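S.K.: The following block contains a protein sequence and its predicted model.
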Amino acid sequence: MASAKAARLGEEVWKSRVDKVNAELVTLTYGTMVAQLCKDYESDYLEVNKQLDKMGYNIGLRLIEDYLAKSNTMKRCVNFKDTAEMISKVGFKIFLNITPTITSWTSDNKQFSLIFEENPLADFVELPDDGRAQDELWYSNMFCGVLRGALEMVQMQVEAHFISDVLRGNDTTEMRISLIRYIDDEMPVDDD
Amino acid sequence: MVVYSFYIFDRHTECIYSKLWARQDRPISSGGTAARPLSGSSASSGPAVPDVGPARARPTRLSAQDDAKLVFGTVFSLRRMVQQLGGVDDTFVSYRTGQYKLHYYETPSGIKFVMLTDTQTANMRSVLHQIYVNLYVEFVVKNPLSPVEHPGGEGVANELFELALDQFVRGFP
């Protein structure tokens, strides 16, 4: 079973090959950064979402190489379901020691949700009480960018966004990920 | 075991790093290196690498740049052929001629590692994988000063990477 295998791999890599830092340090650093962004963009939360996504994207572009190196991945995933398993049980596991639940597949197997039961970025967090942040700010939006950037490097164009967040008072924190297309190999330019 | 040369190609099919150790019997002219970050060690192959004998006369000599292009063309075509014959998951591992053996490893992110060695060398796929994991990711990807993409090889040929690679390759039996 691919799922069990992914879980074993994630567990093993997390135990043996990952340098750990204090989780609160991560939480506080991320929190400070989001707070600063809110200040810089004068509580234009849509813009803050965008910036977080962009940062995540740039992280993802590099993080994928570290992921591939640590997990010893030699082959591409055979299908998008496989990819989802690896994201949750290996990717999130080795970098954050969480395994979001995969759920709500569409029938064409191109769209799924990740439910974050725990989210190290959002510990101790309360959204600003200005009546807008609750509706506009996606606090953990960096995750979306990371996935988008990382998957792009392994030739998958995806779209990712949060659809609910416990910080906003929802019951769950849920991210929706859809595969747009597989990117083709680039061809060498003819130099004649 | 003798390593002749080593190349890295990015997913845009560009040669982002190349290094020559021992010369084969086909000296490589120094022309056309402007765009490539060639390390200068080709001329001074260290004592660890035996001389491969006198050069035979060749009709044409290729520049290092053309060399890299040819290598890429070869692995690119071979790879396509292999995939058409053996399915998309198939990859070729190495091929051998009378003169040399070419080893190939491609990461899922599309970075291609190529190493040319003498014909007696065993499979080097795991070695190329190690170069990726322990050297490329550590010293190039995790280097905050190096750009994400490496047009013209920018950021790849940094001192740590070059040093570690050279040591690694010279450490082979």
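M.R.: Happy to help now that I have it.
S.K.: contacting residues for the residue most central in space within chain A?
M.R.: In chain A, the residue lying closest to the centroid (C-alpha atoms, centre = their mean) is residue A:143, at 3.3 Å. Residues in contact with residue A:143 (C-beta atoms under 8 Å, 6 or more residues apart in numbering or on different chains) are A:56, A:121, A:160, A:175. C-beta coordinates here come from the backbone N, C-alpha and C atoms, glycine included.
S.K.: go again using 7 Å as the cut-off
M.R.: A:56, A:175 (C-beta atoms under 7 Å, 6 or more residues apart in numbering or on different chains).
S.K.: Now it: which helix or strand?
M.R.: helix A:142-153 (DSSP states H and E).
S.K.: What residues sit buried inside that helix?
M.R.: Buried residues in helix A:142-153, counting neighbours by 16 or more other C-beta atoms under 10 Å in any protein chain shown, are found at A:142, A:143, A:144, A:145, A:146, A:147, A:148, A:149, A:150, A:151, A:152, A:153.
S.K.: do you know how far the residue nearest to the centre of chain A is from chain B?
M.R.: In this view, residue A:143 and chain B are 19 Å apart by C-beta to the nearest C-beta, to the nearest Å.
S.K.: Equivalent analysis for residue A:105, please.
M.R.: Distance from residue A:105 to chain B, counting by C-beta to the nearest C-beta: 23 Å.
S.K.: with the buried residues of helix A:142-153 in mind, which one is nearest to chain B?
M.R.: residue A:153 (4.6 Å; C-beta to the nearest C-beta).
S.K.: quick one: the closest one and residue A:64 touch, right?
M.R.: Yes - under the criterion of C-beta atoms under 7 Å, residue A:153 makes contact with residue A:64 at 4.5 Å.
S.K.: and for those two, which residues touch both?
M.R.: residue B:109.
S.K.: the longest helix in chain A is where?
M.R.: When chain A is parsed with DSSP state H, its longest helix is helix A:45-71.
S.K.: tell me which residues of that helix are tucked away?
M.R.: Within helix A:45-71, the residues that count as buried by 16+ other C-beta under 10 Å are A:45, A:48-49, A:51-53, A:55-57, A:59-71.
S.K.: What are the contacting residues of the next helix or strand after that helix?
M.R.: The helix or strand immediately downstream of helix A:45-71 is helix A:80-86, counting by DSSP H and E. With C-beta under 7 Å, 6+ apart as the test, helix A:80-86 has contacts from A:2, A:3, A:6, A:77, A:102, A:109, A:110, A:112, A:156, A:179.
S.K.: host element of the last one?
M.R.: In this structure, residue A:179 sits in strand A:174-182 according to DSSP H and E.
S.K.: Quickly run through the sheet partners of that strand, with directions.
M.R.: With DSSP bridges as the test, strand A:174-182 is paired with strand A:111-115 (antiparallel), strand A:156-164 (antiparallel).
S.K.: Residue A:26 contacts residue A:120, doesn't it?
M.R.: Yes - using C-beta under 7 Å, residue A:26 is in contact with residue A:120, at 6.0 Å.
S.K.: Residue B:16 belongs to a strand, doesn't it?
M.R.: Yes - using DSSP: H, G, I helix; E, B strand; the rest coil, the assignment for residue B:16 is a strand.
S.K.: mind listing what it touches?
M.R.: Residues in contact with residue B:16 (C-beta under 7 Å, 6+ apart) are B:8, B:9, B:10, B:150, B:153, B:156.
S.K.: Just the closest of these to residue B:136, please.
M.R.: residue B:8 (7.2 Å; C-beta to C-beta).
S.K.: that older thread, quick one: work out the angle between the helix holding residue A:143 and strand A:111-115.
M.R.: Going by axes from the mean of the first three to the mean of the last three C-alpha atoms, to 10 degrees, helix A:142-153 is angled at 140 degrees with respect to strand A:111-115.
S.K.: How about the residues of chain A by chain B?
M.R.: A:61-62, A:64-66, A:68-69, A:73, A:75-76, A:153-155, A:186, A:188 (C-beta under 7 Å from any C-beta of the partner chain).
S.K.: May I ask which of those comes out lowest in pLDDT?
M.R.: Ranked by pLDDT, the residues of chain A next to chain B bottom out at residue A:188 (74).
S.K.: That one and residue B:13 touch, don't they?
M.R.: Yes - assessed by C-beta under 7 Å, residue A:188 is found in contact with residue B:13 at 4.3 Å.
S.K.: Now the common contact residues for these two.
M.R.: residue B:72.
S.K.: for chain B, what are the low-confidence residue spans?
M.R.: B:22-61 (pLDDT under 70).
S.K.: which stretches of it form strands?
M.R.: Along chain B, counting by DSSP state E, strands occupy B:3-9, B:15-20, B:94-96, B:101-106, B:112-117.
S.K.: since we're on residue 2, how many residues are nearby?
M.R.: No chain was given, so I picked chain A. Applying other C-beta atoms under 10 Å in any protein chain shown, we find 15 residues neighbouring residue A:2.
S.K.: actually chain B
M.R.: Neighbour tally, residue B:2, other C-beta under 10 Å: 19.
S.K.: Correct me if wrong: it contacts residue B:117.
M.R.: Yes - contact criterion C-beta under 7 Å: residue B:2 and residue B:117 qualify, at 6.2 Å.
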